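A.B. asks: Just the structure for this:
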Amino acid sequence: VSSAFIPATLLAEFAKKELDLSPNLAALCYSLVGVSAFIGKLSSGCLTHCFGGPRRLFFASQLLVGAVACCLPFCWNAASLLVWSAVYGCGIGP
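C.D. replies: Residues are numbered from 1 along each chain as shown. Next comes the predicted model:
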């Protein structure tokens, strides 16, 4: 079982309890994770050539997901959470 989706699972609770954001904004964050993951999946073919192979791309994307997951507690407002959602989604895409 992959633990890459745990931060996204707890995203709505974090947005509601820690940042006092509306449920609509939490849903927007979920949508942004999904859209950016879709874009990451679409671009993974080109990125595979840039990184020198699928293993290197997978390693880089897992490093990105880990680093971004560590940054979630430092999101202090809606804008930073939206940026976090976009970057996290791109990381879980490939």
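
A.B. asks: for this protein, which helix is longest?
C.D. replies: Across the chain, the longest stretch assigned as helix under DSSP state H is helix 23-42.

A.B. asks: all helices for this structure, in order.
C.D. replies: 6-9, 11-13, 23-42, 44-51, 54-71, 78-92.

A.B. asks: Please identify the most buried of the ones you listed.
C.D. replies: helix 78-92 (a mean of 20; mean count of other C-beta atoms under 10 Å). The C-beta positions use only the backbone N, C-alpha and C, and glycine is treated the same way.

A.B. asks: In CSV, list the C-alpha atoms belonging to it.
C.D. replies: Extracted in CSV, the C-alpha atoms of helix 78-92 (Å, rounded to 0.1, in the frame of the first residue of the first chain):
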residue,chain,number,x,y,z
ALA,A,78,-5.6,29.4,1.2
ALA,A,79,-3.1,30.6,-1.4
SER,A,80,-0.2,28.5,0.0
LEU,A,81,-2.5,25.5,0.3
LEU,A,82,-3.6,25.9,-3.4
VAL,A,83,0.1,26.0,-4.4
TRP,A,84,0.8,23.0,-2.3
SER,A,85,-2.0,21.1,-3.9
ALA,A,86,-0.8,21.8,-7.4
VAL,A,87,2.8,20.8,-6.7
TYR,A,88,1.7,17.7,-4.8
GLY,A,89,-0.6,16.7,-7.6
CYS,A,90,2.2,17.0,-10.2
GLY,A,91,4.4,14.8,-8.0
ILE,A,92,1.9,12.0,-7.7
